[in-house]
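# The amino acid sequence is not available; the structure is as follows:
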């Protein structure tokens, strides 16, 4: 069988690309290594409890906002239910040494007031920073296409790293900590990340973040409905070994594990770009491009403890909690034990199930590297014991500081970088693909091999909207269709 387009990877960008191409009349196949589509975000149910995995909150999901418009264009908006907008506080931050607390109020004007009241001597710099963020958000609302294609034209200091900007403009270590904090949303260190990229990811989160009822699972189901509507062929448990190209450097076919070969005119690869090196024939990439792929660094991974908290389940206004034991930049140092690392606590929103509580703590792949050759369901006893010890340590720290808000925590499951590597097909268990470093040139959707396109978080940005946008860019590159009306 031959397809017009084969999309490798059924994450959000692959699902987006497949739907848009199918809407355009193309015969599309979607190949996914995992057992189900959207393995990163789809969450899971256990003991009548729903847990979000790769998707917790999203910005720009209000009426006629950009992410809402993208979902509507894809046909998935009518299949999801956005949580009621009642909260006034998004994240509640607590640092233990030195001890201080801060509530990130939703809406930029409320956040600006809270920051200037807490740091009156830095009011001018705070105002300037948040005004830049607001201008950036206003431009996203008015012309998302321009932001995606040429963001540096609308944002001052785009070339600076986040660390450089914070040190040049703010004096207080506590304030620097607060403004760097949400680097955890994209898994890179502040000194590696441009102020532009940080603003692109966190600006909408600052202004108003929303949950989806049944989270990533509902989004995955919505995508599946639309894929069926447009007769997209979905193949799960399907591993791609090779991408074949013709002598004239055009796409020929896709080789699957087991030897099957499937022909296609175009191929969209949505995985970590570095994985292309092993799939393409040797010498098919230019040396410079090969070096770029090989040099890509992975975003961070984590240990995630999935718990049941009776108090959180009954609290309709539960706030995300971020716990740290040090200030910027030392708080990002992972050399110490898990008890010294920062932690992010979130609660899932479910309709008909209990919402689970997730505790996310950064973890290096080398922390579990000694068991790297093992597979899911066949891990050695020492690894299971390590997970148990780490989970007990992290939960013990959380209960020490948040017992009043969370009460008893019953651990349901624990994930590590090995879990994310195997379930998400992510090198080193990285949660957000390749890093967007301030020193790196962005990747384009179109490659020098005719008919081969890239999509995914490495192209535009991390998160739901970044992944969707990369799918729109890939589809536009293939079909020539103009999606700017959707983005304005």
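Good, I have the coordinates. For clarity, every value in this text was computed on a predicted model and none was experimentally measured.
# Please count neighbours and contacts with C-alpha atoms only from this point.
Noted.
# next SSE after the longest helix seen in the chain?
Assignment by DSSP state H gives helix 381-406 as the longest helix of the chain. Next helix or strand after helix 381-406 toward the C-terminus (DSSP states H and E): strand 409-415.
# Distance from that following strand to the middle of the chain?
Centroid separation between strand 409-415 and its chain, computed with C-alpha atoms, centre = their mean, to the nearest Å, is 22 Å.
# What angle do helix 381-406 and it make with each other?
Angle of strand 409-415 versus helix 381-406, following axes from the mean of the first three to the mean of the last three C-alpha atoms, to 10 degrees, is 140 degrees.
# what's in contact with strand 409-415?
By C-alpha atoms under 8 Å, 6 or more residues apart in numbering, the list of residues contacting strand 409-415 from outside reads 46, 302-310, 387, 391, 395, 399.
# try 7 Å
Strand 409-415 is touched from outside by 303, 304, 305, 306, 307, 308, 309, 387, with contacts defined as C-alpha atoms under 7 Å, 6 or more residues apart in numbering.
# need the helices for the stretch 251-400 of the chain, in chain order.
Taking DSSP state H, counting those that start in this stretch as the criterion, the stretch 251-400 of the chain contains helices spanning 276-279, 287-294, 310-314, 381-406.
# Tell me which of the ones you listed sits most buried.
Of all these, helix 310-314 carries the top mean neighbour count, a mean of 17, counting by mean count of other C-alpha atoms under 10 Å.
# Checking the residue lying farthest from the centre of the chain next. Helix, strand or coil?
Of all residues in the chain, residue 247 sits farthest from the chain's C-alpha centroid, using C-alpha atoms, centre = their mean; the distance is 37.0 Å. The three-state assignment at residue 247 reads coil, by DSSP: H, G, I helix; E, B strand; the rest coil.
# Give me the distance between it and residue 287.
According to C-alpha to C-alpha, to the nearest Å, residue 247 and residue 287 sit 18 Å apart.
# what do you get for residue 278?
Using C-alpha to C-alpha, residue 278 is found at 14 Å from residue 287.
# Between the contacts of strand 409-415, which sits nearest residue 377?
Using C-alpha to C-alpha, residue 387 is the member of those that lies nearest residue 377, at 14.0 Å.
# Could you pull up the residues touching that closest one?
For residue 387, the contacting residues are residue 414, by C-alpha under 7 Å, 6+ apart.
# start the count at 823, not 1, going forward
Yep, numbering from 823; the last one is residue 1209 now.
# distance of it from residue 1193?
According to C-alpha to C-alpha, residue 1209 stands 12 Å off from residue 1193.
# Next: residue 1159.
According to C-alpha to C-alpha, residue 1159 and residue 1193 sit 19 Å apart.
# likewise residue 1016?
34 Å.
# swap in residue 1290?
34 Å.
# Mind checking which of the two has more residues around it?
It is residue 1290, of residue 1290 and residue 1193, that has more neighbours when counted by other C-alpha atoms under 10 Å, with 28 against 14.
# pLDDT and distance to residue 969 added to the contacts of strand 1231-1237, as JSON lines?
Shown next, in JSON lines, are the contacts of strand 1231-1237 (pLDDT from 0 to 100; distance: C-alpha to C-alpha, whole Å):
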{"residue": "1125", "pLDDT": "98", "distance to residue 969": "33"}
{"residue": "1126", "pLDDT": "98", "distance to residue 969": "33"}
{"residue": "1127", "pLDDT": "98", "distance to residue 969": "36"}
{"residue": "1128", "pLDDT": "97", "distance to residue 969": "36"}
{"residue": "1129", "pLDDT": "95", "distance to residue 969": "39"}
{"residue": "1130", "pLDDT": "94", "distance to residue 969": "40"}
{"residue": "1131", "pLDDT": "88", "distance to residue 969": "40"}
{"residue": "1209", "pLDDT": "97", "distance to residue 969": "42"}
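# Counting only strands, which of these make the cut?
Using DSSP state E, 1125, 1126, 1127, 1128, 1129, 1130, 1131 are the members of the contacts of strand 1231-1237 that sit in strands.
# sorry, back to before: save the contacts of strand 1231-1237 as a markdown table, and put in distance to residue 958 too.
A markdown table is the format used below for the contacts of strand 1231-1237 (distance: C-alpha to C-alpha, whole Å):
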| residue | distance to residue 958 |
| --- | --- |
| 1125 | 33 |
| 1126 | 32 |
| 1127 | 35 |
| 1128 | 35 |
| 1129 | 37 |
| 1130 | 38 |
| 1131 | 38 |
| 1209 | 42 |
